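*Asks:* below is the structure, and that's it, no one-letter string:
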């Protein structure tokens with residue numbers, strides 16, 4: 001192990017991490033900034049996979065209030081209202097900067113203005129995109145900006161755990177591990193940002209990049225930060241089924257349903273007629289995912305455990321123009337979208353619960369910040385399509401500037417001893433064992449899908465909690481060799497530890513929310529509790545147990561009576577939306 005130091009340490013390699021590094025450097029180029037990514041910087045994470053686009057108010061007929069109200073209604077009214085307001089009001093500034101300063105190119109209308117399309121749950125067509133490959137465009141341009149700045153870049157280097165000062169009061173860095181060399185690094189820092197992404201790969205079906213394993217969430221929880229609404233995991237309705245390929249779970253974004261795609265069960269019936277006859281396939285993600293899951297569970301799914309997405313009637317010309325990336329992806333696994341119904345399944349997509357932050361991305365521990373999927377509260381119980389990448393870019397920028405401002409305005413001790421190194425070393429000590437971590441990971445994914453997935457109950461959550469205790473015990477039976485260099489089994493063991501920690505938080509919070517709201521559905525409590533709007537906070541006790549607390553939602557800008565109901569796409573806004581309702585009911 002060797003020691004290094006910096007002013008700002010950013011853990012992550014996606015949109016939030018890169019934007020934070022860029023904004024921090026531009027705010028003060030004299031600071032030493034380290035960007036450490038578990039994967040390849042700019043080539044990993046989920047921002048690069050974004051298809052749908054970025055929600056932003058640009059049209060004079062749209063407004064911050066409309067976008068804000070859509071976001072709160074979509075979130076089941078339990079969003080942190082100040083964070084949601086920051087998202088909505090800062091999103092246009094980021095788009096202007098992305099285009100005019102960083103060189104991003106988004107699709108245009110015939111008059112040269114930026115094209116915006118409709119995604120579910122919004123009252124206006126406000127989603128900016130670059131075909132269906134928006135994330136690639138964003139990440140390519142952001143990576144270019146990182147490369148031309150004096151930012152230390154560390155790819156394939158993961159965070160192991162956060163470091164406290166000697167008084168256990170402030171985060172002053174992290175222990176990192178280089179995957180290729182196995183070397184451990186004590187990285188001392190005056191400010192640390194967690195932007196590692198969520199834990200959607202906990203589940204057997206997911207489109208998320210496979211290096212994501214809830215590392216930032218688990219590190220934050222172990223350090224003692226406060227978490228919010230960890231039960232809220234979004235499942236996208238249409239993940240591609242491609243056999244045993246890692247392509248299984250990859251999202252076919254909802255623009256296909258918005259354009260008129262049909263969901264069919266194995267009998268060829270449009271089953272959404274039974275679940276949401278008014279909105280059909282254009283219903284919200286949580287409802288469509290739940291409906292597909294119920295069809296599959298009732299025996300009306302395909303032999304591979306899915307349903308069919310049929311877009312043949314839209315025509316090859318339209319599909320190639322609107323969705324070239326998805327068309328090519330489907331061809332690569334044997335589906336021609338213009339000729340074949342495509343097998344799809346709900347897929348674990350986005351972590352909406354996470355570390356509690358304030359509007360400047362500060363956590364409950366001094367020196368520690370969070371952004372992107374590591375942070376919770378922005379989306380409440382259900383994220384609108386197009387709000388995810390907007391959140392990463394907006395709050396990545398907020399975090400970068402906030403860390404610089406805090407370092408300049410506060411007295412930050414520069415020479416402190418580490419307070420928890422021995423504990424970290426003990427966790428990495430070599431040990432003998434016979435269990436295969438890759439087999440355990442698959443077992444964990446199946447258990448999570450069945451017990452804490454799309455549909456939950458008291459019984460399933462009790463099974464999950466007992467199973468997670470068992471998996472935690474099994475971690476001790478995995479071999480940890482002395483040689484760390486390039487040891488994928490060792491890293492999978494660490495992935496498992498973090499995924500289990502996050503799964504316990506999801507299970508605990510889901511058991512406490514005895515209602516159904518947004519992405520959280522309890523079949524033993526299927527109704528929404530309209531009289532009690534609350535957030536669930538979790539935190540590690542001194543003995544390592546999970547302390548929980550329910551607190552009323554803070555209505556700082558809107559009260560429930562102003563928001564109840566549904567948002568409706570007005571007639572004639574676009575040919576894509578037509579007269580259809582794309583709603584988010586509360």
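*Replies:* Right, received. Where do you want to start? Because the structure is predicted, anything quoted here is derived from the model rather than measured.
*Asks:* flag the shaky bits of this structure, pLDDT-wise.
*Replies:* 413-417, 419, 564-586 (pLDDT under 70).
*Asks:* can you name the next helix or strand after the longest helix along it?
*Replies:* Identified as the longest helix of the chain according to DSSP state H is helix 488-512. Toward the C-terminus, helix 488-512 is succeeded by strand 534-540 as the next helix or strand (DSSP states H and E).
*Asks:* any buried residues in that following strand, and which?
*Replies:* For strand 534-540, a neighbour-count test (16 or more other Cβ atoms under 10 Å) marks 534-540 as buried. C-betas here are computed from N, CA, C, even on glycine.
*Asks:* then stretch 297-314?
*Replies:* Across stretch 297-314, burial judged by 16+ other Cβ under 10 Å covers 300-302, 306-312, 314.
*Asks:* closest one of those residues to residue 423?
*Replies:* Among these, residue 306 lies closest to residue 423 (Cβ to Cβ), at 44.1 Å.
*Asks:* do I have it right that the closest one meets residue 293?
*Replies:* No - the criterion here is Cβ atoms under 8 Å, and residue 306 misses it with residue 293 at 10.3 Å.
*Asks:* surely residue 350 is within a helix?
*Replies:* No - assessed by DSSP: H, G, I helix; E, B strand; the rest coil, residue 350 does not belong to a helix; its assignment is strand.
*Asks:* quickly list what it is bridged to.
*Replies:* Beta bridges link residue 350 to residue 234 when assigned by DSSP bridges.
*Asks:* mind listing what it touches?
*Replies:* If you count contacts by Cβ atoms under 8 Å, 6 or more residues apart in numbering, residue 350 has them with 198, 200, 233-234, 236, 373, 379, 383, 388.
*Asks:* repeat that for 10 Å
*Replies:* Counting by Cβ atoms under 10 Å, 6 or more residues apart in numbering, residue 350 touches 46, 197-198, 200, 207-208, 232-236, 285, 373, 379, 382-383, 385, 387-388, 391, 519.
*Asks:* roughly how far apart are it and residue 387?
*Replies:* Per Cβ to Cβ, to the nearest Å, residue 350 is found 10 Å from residue 387.
*Asks:* now the strands for the stretch 201-350 of the chain?
*Replies:* With strands called from DSSP state E, counting those that start in this stretch, the stretch 201-350 of the chain shows them at 227-228, 233-240, 262-264, 307-310, 342-351.
*Asks:* do the stretch 1-150 of the chain as well
*Replies:* For the stretch 1-150 of the chain, applying DSSP E, counting those that start in this stretch gives strands covering 2-11, 33-36, 54-55, 116-117, 127-128.
*Asks:* name the helices or strands packed onto the last one?
*Replies:* The contact analysis (3 or more Cβ pairs under 10 Å, 6 or more residues apart in numbering; DSSP states H and E) places strand 127-128 against strand 54-55, helix 81-100, strand 116-117, helix 387-409.
*Asks:* out of those, the one nearest residue 215 is which?
*Replies:* Taking those one by one with Cβ to Cβ, helix 387-409 is closest: 16.3 Å.
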